[in-house]
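Asks: model the following, please.
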Amino acid sequence: MLAVSTMTAVLYSLKTLLVQLDRESQPLTRALEGGKNKNVLNEEFSYYNKKGLDEVLEKSKLRRIGKSVIQDNTVNIKHTNLYYMPPSKKTGYELEQMMNGDCIASLLNGMYSFNSLNFIDCMNGSSELTKILLEQTDILVINLFQGMEDMDDILECQEIREKALFVVGKYDGNSRENLQNIRRKYNIAKDAIGVIPYNIHFHDAMMDGKLVSFITKGIFSKKTDPDYEFIIELFHTTNMILRKAGYEGI
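Replies: Take a look at the predicted model:
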């Protein structure tokens, strides 16, 4: 999600919003702003102000969420069209209790009014909260990994298959489970699956908060550069998702 959204904002200058529901996942602020800003959530989004997802959820109980509420509870990455919403401080169970169907609908309405391309991290995909989100979102991107099993229940659901795209993360083309075999195994169309190759420089950029600069530099890489294959596959995967989202000419 971070790689594709960053490519979207940097290469195409599309206004892009990231929302992360699971606070246990890699924090967006670390990947996008770096360790030197590790206290940004404590300083700018204090517990008492509750800025971020928690504030939006609280306001959704009282009124319809509009553009201003979303804008007031997001962080813009400098010199980009990339925005993220600080995640909830609540645990998964607490969050599920708070986010009913009306609450999610209000959140999505506010995100649409923000006039952005919206990426939502749906945690592990098995919670009731995630199921509600999947019903109301336009596109579902399912993350696969090589050697993955137990996909039958997901792939047998026609509603999911109609809106689903697939991305193989940390992809290694030398594996027996290559892209062709994964497509055959799960009966996935060629234009419905992309890969994000394993790349240690990408990993380091995530850990160091230099993701934007890594992607920006990578866009201008040449075939002889070590990160060229990663950038090209990321480019193809990003375009696949944008085309599914209705962006023509990409």
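Asks: secondary structure element holding Asp138?
Replies: Of the helices and strands defined by DSSP states H and E, none includes Asp138.
Asks: what of Ala31?
Replies: Per DSSP H and E: Ala31 is located in helix 28-33.
Asks: please apply the same query to Phe119.
Replies: Phe119 is part of strand 117-121, with elements assigned from DSSP H and E.
Asks: for the helix holding Ala31, C-alpha coordinates in PDB please.
Replies: Only the C-alpha atoms of helix 28-33 are listed here, as PDB (Å, rounded to 0.1, in the frame of the first residue of the first chain):
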ATOM      1  CA  LEU A  28       2.800   5.300   8.400                       C
ATOM      2  CA  THR A  29       4.700   8.200  10.000                       C
ATOM      3  CA  ARG A  30       7.900   6.200  10.300                       C
ATOM      4  CA  ALA A  31       7.900   5.100   6.700                       C
ATOM      5  CA  LEU A  32       7.000   8.500   5.300                       C
ATOM      6  CA  GLU A  33       8.700  10.900   7.700                       C
END
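Asks: now do it: everything it contacts.
Replies: 2, 6, 18, 20, 37-38, 40-41, 75, 77, 82, 84, 86-87, 205-207, 209, 211-212 (CB atoms under 8 Å, 6 or more residues apart in numbering). Glycine gets a C-beta too; all of them are placed from N, C-alpha and C.
Asks: just the buried members of those?
Replies: For the contacts of helix 28-33, a burial check counting by 16 or more other CB atoms under 10 Å picks out 2, 6, 18, 20, 40-41, 75, 77, 82, 84, 86-87, 205-206, 209, 211-212.
Asks: tell me how far the residue nearest to Lys170 when sequence neighbours are not counted lies from Asn143.
Replies: Leaving aside its chain neighbours, Lys170 sits nearest to Tyr198 (4.3 Å; criterion: CB to CB, 6 or more residues apart in numbering). For Tyr198, the distance to Asn143 equals 14 Å [CB to CB, to the nearest Å].
Asks: ok, now Lys185?
Replies: Going from Lys185 to Asn143 by CB to CB gives 16 Å.
Asks: hang on, the earlier thing: next one: the strand holding Phe119 to chain centre, how far?
Replies: Distance, stretch centre to chain centre, for strand 117-121: 5 Å (CA atoms, centre = their mean, to the nearest Å).
Asks: ok, stretch 93-107 next?
Replies: Using CA atoms, centre = their mean, the offset of stretch 93-107 from its chain centre is 19 Å.
Asks: and the longest helix seen in the chain, what's its mean pLDDT?
Replies: In the chain, taking DSSP state H as the definition, the longest helix is helix 228-244. In this model, helix 228-244 has an average pLDDT of 97.
Asks: next helix or strand past the helix or strand of the chain with the lowest mean pLDDT?
Replies: The least trusted helix or strand in the chain, going by mean pLDDT, DSSP states H and E, turns out to be helix 40-44, with a mean of 40. Sequence order places helix 53-60 as the next helix or strand after helix 40-44, per DSSP H and E.
Asks: pull out the buried residues from the next helix or strand after that following helix.
Replies: The helix or strand immediately downstream of helix 53-60 is helix 67-72, counting by DSSP H and E. Residues of helix 67-72 classed as buried by neighbour count (16+ other CB under 10 Å): Val69, Ile70.
Asks: pull the longest strand from the chain.
Replies: strand 164-171 (DSSP state E).
Asks: and for that strand, what's in contact with it?
Replies: 4, 139-146, 179, 182, 186, 188, 192-198, 233, 237, 240-241, 244.
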